[in-house]
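K.L.:
Turn this into a model:
(chains A and B)
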Number of protein chains: 2
Amino acid sequence: MVEKLYLEDLNVGQRFTSATYLITEEQIKSFAREFDPQPFHLDDAAAQNTVFRGLAASGWHTAAVAMKLLVTSGLPLGNGIIGLGGDLSWPKPTRPGVRSTTLNQKGEAVHEFTSKVLVFKRDKLPTAD
Amino acid sequence: MVEKLYLEDLNVGQRFTSATYLITEEQIKSFAREFDPQPFHLDDAAAQNTVFRGLAASGWHTAAVAMKLLVTSGLPLGNGIIGLGGDLSWPKPTRPGVRSTTLNQKGEAVHEFTSKVLVFKRDKLPTAD
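P.N.:
Predicted structure coming up:
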């Protein structure tokens, strides 16, 4: 069991590394059908004639997978990971078959999020009214 | 058929409004099980004792729904909607049963994204090599 962290446990410069996740072609297409139905996320042949030059995951899919990694393995915050927003970028496409911590197979970032996160002190947790 | 827009069709101050989308409790839980398995996104009773004070959608779910609305009804860009990143915030929780254009039932924004979007001129479209 990983020890849970609260505000007083966090320091500038701490780094946390998540597990990895394999994003498949079928997952890319399934997410896209539901949330981002555009040719470059749905069909590899159609995607060749776009700026992506091949099937790429929706950026929101990449972001959601990054969240899954943070929640399940990356950042053991006692109150959970509660993002308020931040600065998001997708510098590279996310390709199918990449096992990733939001880096692609070349070690390049495919998703970056500098986030404002809500973190409580141990003795200032929300409780039932 | 809505006319597709290219870079030369866009002007400062243009506004586009999407259709609406009903986000249900089951959808919130289903998305959370896959991508953001935290109590405040999975269980209404557990969520009462958190800062959310009740079930709320994952911010990434809200973002994905906003993308669906943009793609299917909101912003008819000729090359599709290709985001490079931007400034994201979730000022309010997204509750189940809200029919929304990323505003909640009080008309408050639940998701804001000031985005960098790639848009081509008509005569500068990517084509097959």
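K.L.:
Every contact and neighbour count from this point should use C-alpha atoms.
P.N.:
OK.
K.L.:
that's a helix at A:Asp87, yeah?
P.N.:
No - counting by DSSP: H, G, I helix; E, B strand; the rest coil, A:Asp87 falls outside a helix, being strand.
K.L.:
Would you agree it is in contact with A:His111?
P.N.:
No - look at A:Asp87 against A:His111 with C-alpha atoms under 8 Å: they stay out of range, at 10.7 Å.
K.L.:
Between those two, point out the one with more neighbours.
P.N.:
Of the pair A:Asp87 and A:His111, A:His111 is the one with more neighbours under other C-alpha atoms under 10 Å in any protein chain shown, namely 24 against 17.
K.L.:
For the residue nearest to the more buried one when sequence neighbours are not counted, give its distance to B:Tyr21.
P.N.:
Once flanking residues are discounted, A:His111 sits nearest to A:Trp90: 4.6 Å by C-alpha to C-alpha, 6 or more residues apart in numbering or on different chains. Using C-alpha to C-alpha, to the nearest Å, we find A:Trp90 at a distance of 26 Å from B:Tyr21.
K.L.:
the more surrounded of the two?
P.N.:
Higher neighbour count among A:Trp90 and B:Tyr21: A:Trp90, with 21 against 16, using other C-alpha under 10 Å.
K.L.:
Just the pLDDT at that one, thanks.
P.N.:
Here, the pLDDT recorded for A:Trp90 equals 89.
K.L.:
Return the residues of chain A in contact with chain B.
P.N.:
Residues of chain A lying close to chain B by C-alpha under 8 Å from any C-alpha of the partner chain are A:34-38, A:48-51, A:59-61, A:63-65, A:67-68, A:71-72, A:79-80, A:83-91, A:126-129.
K.L.:
Could you list which of those residues belong to helices?
P.N.:
A:34-35, A:48, A:59-61, A:63-65, A:67-68 (DSSP state H).
K.L.:
for these, which one is nearest B:Gln27?
P.N.:
Nearest to B:Gln27 among these is A:Glu34, at 11.3 Å by C-alpha to C-alpha.
K.L.:
From B:Val71, how far out is the closest one?
P.N.:
Distance of A:Glu34 to B:Val71, given as C-alpha to C-alpha: 11 Å.
K.L.:
swap in A:Gly78?
P.N.:
37 Å.
K.L.:
higher neighbour count, the two?
P.N.:
A count of neighbours by other C-alpha under 10 Å puts B:Val71 above the other of A:Gly78 and B:Val71, at 19 against 16.
K.L.:
Assess the claim that that one and A:Asp36 are in contact.
P.N.:
Yes - judged on C-alpha under 8 Å, B:Val71 makes contact with A:Asp36 at a distance of 6.5 Å.
K.L.:
before we move on, back to that, ChimeraX command to pick out the buried ones of the residues of chain A next to chain B?
P.N.:
Buried members of those, defined by 16 or more other C-alpha atoms under 10 Å in any protein chain shown, are picked up in ChimeraX with:
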select /A:35,36,37,38,48,49,50,51,59,60,61,63,64,65,67,68,71,79,80,83,84,85,86,87,88,89,90
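K.L.:
Extract the residue ranges of chain A that are flagged as low pLDDT.
P.N.:
Residue ranges of chain A with pLDDT under 70: A:1, A:99-110, A:127-129.
K.L.:
Find the centremost residue of it, please.
P.N.:
Central residue of chain A (C-alpha atoms, centre = their mean): A:Ala66, 1.6 Å from the mean position.
K.L.:
so who does A:Ser115 touch?
P.N.:
A:Ser115 makes contacts with A:83-87, as judged by C-alpha atoms under 8 Å, 6 or more residues apart in numbering or on different chains.
K.L.:
Ok, A:Glu3 next?
P.N.:
By C-alpha under 8 Å, 6+ apart, A:Glu3 lies in contact with A:Pro76.
K.L.:
three-state assignment of it?
P.N.:
Here A:Glu3 takes the coil state, with states given by three-state DSSP.
K.L.:
same question, the one 5 residues further on
P.N.:
Under three-state DSSP, A:Glu8 falls in the helix class.
K.L.:
Nothing else from me, thank you.
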